[in-house]
Structures are given as structure tokens and as C-alpha cells.
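Novice: Need a 3D model of the following:
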Amino acid sequence: MEQKDYKYISVAYKLYDITDNKQELIEETAKDKPFVFLSGFGTTLEDFESNLVGLAEGADFDFVLSPDRAYGEHVDTRVVELDKQIFSVDGKFDSKNIYPEAIVPLQNEDGNRFLGRVVSIGSDKVKKRFREALRDIYPTGECGAFTSALMELGETVCTVGTPSCARCPVAAYCAAHRCGEEALYPVLPEKKPRRIENRRVLLLLCGDTCAVQRRADTGLLASMWELPNDLLPDAPETGEPCGEAVHIFSHVEWHMRGYIVRCREKLPGYVWVTRAEREALAMPTAFRYYRKKLEEMGY
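Specialist: Below you'll find the predicted structure:
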């Protein structure tokens, strides 16, 4: 594998949109949380990286990227709906990182990486279906409070499978209650069984570096960096077990067994990185358990 000189870059910046001579602040790094990345891995805009990679530590910078060299012009068709399961960790929606106006890294089926802004969270189909029906009952000027009351009612009284209709203040207005069909709602989609993959994860260590590899350009987690792993059933001869973990995707479950392997020399076929370099890589949350193991060992 070709060896390159990579740079660990930590940068604080303000990003502005300039349209019709008007300047609008789009995003700004927090003072205690600069943006960090490793050059040469294609994790940032090409022109963004080229303007930074040659700067000395502490240097100021100011540059402008045209739309065609940045994220492109705004196109309505680029606003798309994505399945919430894409943003699930261990079977639960990642509400900590996915919220309205959040900027998140994405990748399309062609392996192209880009940043996306979260416009809203929820099922647009459900919103559209009920918008007209709710318009007549929402109190003018109190829509926010009324929505909060409905959400609290669903969390405390009208719970899935076990609604407490006897103490519900709006039971008289409930069509399902009138028909004796309370337990039938909401209608949940039928879950398809997920495929199980038993994976072996290798924590290959050499000196102060560990090995990483890049996934294929197509398929699950295309082009992302990962810890070496395979579908072989046997433990490596010199491997030290370091725990098991499960990660659930929408259609497949990874049941992983980890092994620490200390190498006398850097094996070919991998990229060997220090802890700081590894932390700058975009790595799937599927390996979170083993990343923590590396951190505990100082890698």
C-alpha cells in the first residue's frame, strides 16, 4: 500500500454564506471543540483542505469557495427524506447528534461524501395525512402548547398497547375508543428479520500505532474507515480476547468478537495511525466498543 504523509489538522473557523452581497453566518466551531481531520483521506472539501494544509500552527486564514467548489447551489430536489433507522445506534435513534439544524456527514450510493443539514425529524407522510384533520381543532395562537399536551398525553395515558382510557380526559372524542379498538393503534409496521453476521474484529497494534482499513466503495458503510474485521470463525493464534459487541443495522446485525494482536512490525495492507490520527477519521459507530478499548490502552 502506498505510504503518504498525512497531517493532523485542528482548526477553528466561522463559515459564512454570501448571497447578493449579504453575509450570513452558517456555522461556527465551538471554542473548546475545533474541527479536526486528517489530510489526504478525502474527509473534507478538496479546496477547504488545500487552503489549510500548508499553513503554520497559529496562522490566520480567510478564503472563499465558489458553490461549484463547495456544496453547490441550493436545489430543492436535494432535500430528501431518509429512514430514521439510518441514524440508529444499537437499535435506538441517535437524538444526541441528529436534531433540527444539525450538520451531519452523509454518503450516497456512489460513495460521494458530503454534509447535510437536518431540516426536520419525523414522518412527513404522517404529518401531511393529519394536517388537515388537526387544523380545525388546534386553538388559535396556542398550537405549541396544544401539541405539547398531545405528546404528554401519548407518553402518560394513551400508551402503545396499554392505553388508560378510563382516566383519559379526551376519551369521549376518541374514534378508536368509541369502536372498542384502542389496542389496535398505532399500527406498527411489520419488522423483517435481520441477517446475522458473526464478525471477528482485530485490534492490531504496533508501537504507538494501530491498524485501520477502508471499506469498499459500494455497499454498507461504503468508503468509511474501520478497524480490521472479517467473517472468519477462529481466534487469531496470538490474539488476546477483548470482549464482544453487537451493532444493529436496519437489515443486518453484526455480532462481533474482538482480539488484541500485538505486531512486531507493521503488516502490509493496512494504514497504521496514531491515536490522534485515528480520532480524526470518520469511523462507523459499529466499532464504538472497540474504539473505547483502544483508548483505554492509549491508542
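
Novice: What segments of the stretch 101-250 of the chain are strands?
Specialist: Taking DSSP state E, counting those that start in this stretch as the test, the strands found in the stretch 101-250 of the chain are 103-107, 113-117, 195-206, 209-214, 225-226, 229-230, 240-248.

Novice: Format these as a markdown table; extra columns: mean pLDDT.
Specialist: Written out in a markdown table, the entries for the strands of the stretch 101-250 of the chain read as follows (pLDDT from 0 to 100):
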| stretch | mean pLDDT |
| --- | --- |
| strand 103-107 | 64 |
| strand 113-117 | 61 |
| strand 195-206 | 95 |
| strand 209-214 | 95 |
| strand 225-226 | 93 |
| strand 229-230 | 95 |
| strand 240-248 | 94 |
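
Novice: Relative to Leu184, which of those strands is closest?
Specialist: Nearest to Leu184 among these is strand 240-248 (27.4 Å), distances taken as Cβ to Cβ. Using the backbone N, CA and C atoms, a C-beta is placed for each residue, glycine as well.

Novice: angle of that closest one against strand 195-206?
Specialist: Counting by axes from the mean of the first three to the mean of the last three Cα atoms, to 10 degrees, strand 240-248 lies at 140 degrees to strand 195-206.

Novice: helices or strands up against strand 240-248?
Specialist: Here strand 240-248 is seen to pack against strand 252-262, helix 288-296 when contacts are counted using 3 or more Cβ pairs under 8 Å, 6 or more residues apart in numbering; DSSP states H and E.

Novice: okay, those in TSV with distance to Leu220, mean neighbour count and mean pLDDT next?
Specialist: What follows is those, written out as TSV (distance: least, Cβ to Cβ, whole Å; neighbours: other Cβ atoms under 10 Å; pLDDT from 0 to 100):
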stretch	distance to Leu220	mean neighbour count	mean pLDDT
strand 252-262	7	17	95
helix 288-296	16	16	94
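
Novice: In a markdown table: the ones you listed, plus distance to Tyr173.
Specialist: As requested, the helices and strands packed on strand 240-248 are arranged in a markdown table below (distance: least, Cβ to Cβ, whole Å):
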| stretch | distance to Tyr173 |
| --- | --- |
| strand 252-262 | 42 |
| helix 288-296 | 45 |
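
Novice: closest one to Glu24 among those?
Specialist: Ranking these by distance to Glu24, with Cβ to Cβ as the measure, places helix 288-296 first at 35.2 Å.

Novice: If anything else comes up later, I'll come back, but that's it for now.
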